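Q: my questions are about this predicted structure, shown below with the sequence.
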Amino acid sequence: MRIGILQTGSAPESLRPRTGDYPDMFRRLLSGHGFDFVTYDVENMQFPTDIHDCDGWLITGSRHGVYEDHAFIPPLEDFIRKAFEAGIPIVGICFGHQIVAKALGGRVEKYPGGWAVGPQVYDFGGRRVVLNAWHQDQVIEKPSMAETVASNEFCRHAALVYGDRAFTVQSHPEYDNAFIEDLMNTRGRGVVPDALMEQARARFTETNSAPDIAKQIAEFFLAHQKQEHV
């Protein structure tokens, strides 16, 4: 199964020697499930020629806000709507979670409650799930066809399921604790309150649930492949 990674941002250049860029992180996260990956740098207007070029689509995180004026955002929203209508599976992470919601009728805003940074605990359909987060924007109103499947007190719509067509998550299963630490030392300084970053460091002892979410993402994609062979 070929998964197209729609790259909407990049990891800080100084961190890439250790972690690679965002597509590399997702390749590692979803390794072992038989996927082939191809990356499209949509942030720099490198879009697929057709929604059927891949069997599924994964939209990465980004420093940008989905409500900002960037050239790649309108065509990306159009691509999402076309792929969704055609039933091609879509997974969105952080910015990807937000842009899918916005494209399909939801509302995203800079949350007045501030930042979510580092390990966060979510109620994921009755399961306690711990995932790293790095965001201030979030989905304030979900699209009517979406179901909220994860939340906490800070983030009401932490994960959304759109039937069998899209699965999106606000947090970052692809980020390990070391990457969060590096982000705090680069992008966080002077932006994220120091006290909040210290609280995040104190939670690094929590067992991260990224493998469980990776399995859920993989199963979401693979379910479509099975349907096609029925």
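A: Noted; the coordinates are in hand.
Q: so what's the closest residue to Ile51 other than its chain neighbours up against?
A: Excluding its sequence neighbours, the residue lying closest to Ile51 (CB to CB, 6 or more residues apart in numbering) is Ala83, at 4.5 Å. C-beta here means a position set from N, CA and C on the backbone, and glycine is covered the same way. Residues counted as contacts of Ala83 (CB atoms under 8 Å, 6 or more residues apart in numbering) are Ile51, Trp57, Ile90.
Q: pipe the residues you listed into JSON lines and attach distance to His172, secondary structure and neighbour count per row.
A: Output for the contacts of Ala83, formatted as JSON lines (distance: CB to CB, whole Å; DSSP: H, G, I helix; E, B strand; the rest coil; neighbours: other CB atoms under 10 Å):
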{"residue": "Ile51", "distance to His172": "25", "secondary structure": "helix", "neighbour count": "19"}
{"residue": "Trp57", "distance to His172": "18", "secondary structure": "strand", "neighbour count": "26"}
{"residue": "Ile90", "distance to His172": "17", "secondary structure": "strand", "neighbour count": "27"}
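Q: buried residues in stretch 24-35?
A: Neighbour counts over stretch 24-35 (16 or more other CB atoms under 10 Å) mark Asp24, Met25, Phe26, Arg27, Leu29, Leu30, Phe35 as buried.
Q: just the mean pLDDT for that stretch, thanks.
A: Taken as a whole, stretch 24-35 carries a mean pLDDT of 96.
Q: what strand or helix carries the residue lying closest to Gly163 once chain neighbours are set aside?
A: Leaving aside its sequence neighbours, Gly163 sits nearest to Met145 (CB to CB, 6+ apart; 7.0 Å). Of the helices and strands defined by DSSP states H and E, none includes Met145.
Q: from Arg165, how far out is Met145?
A: If you measure Met145 against Arg165 using CB to CB, to the nearest Å, the figure is 9 Å.
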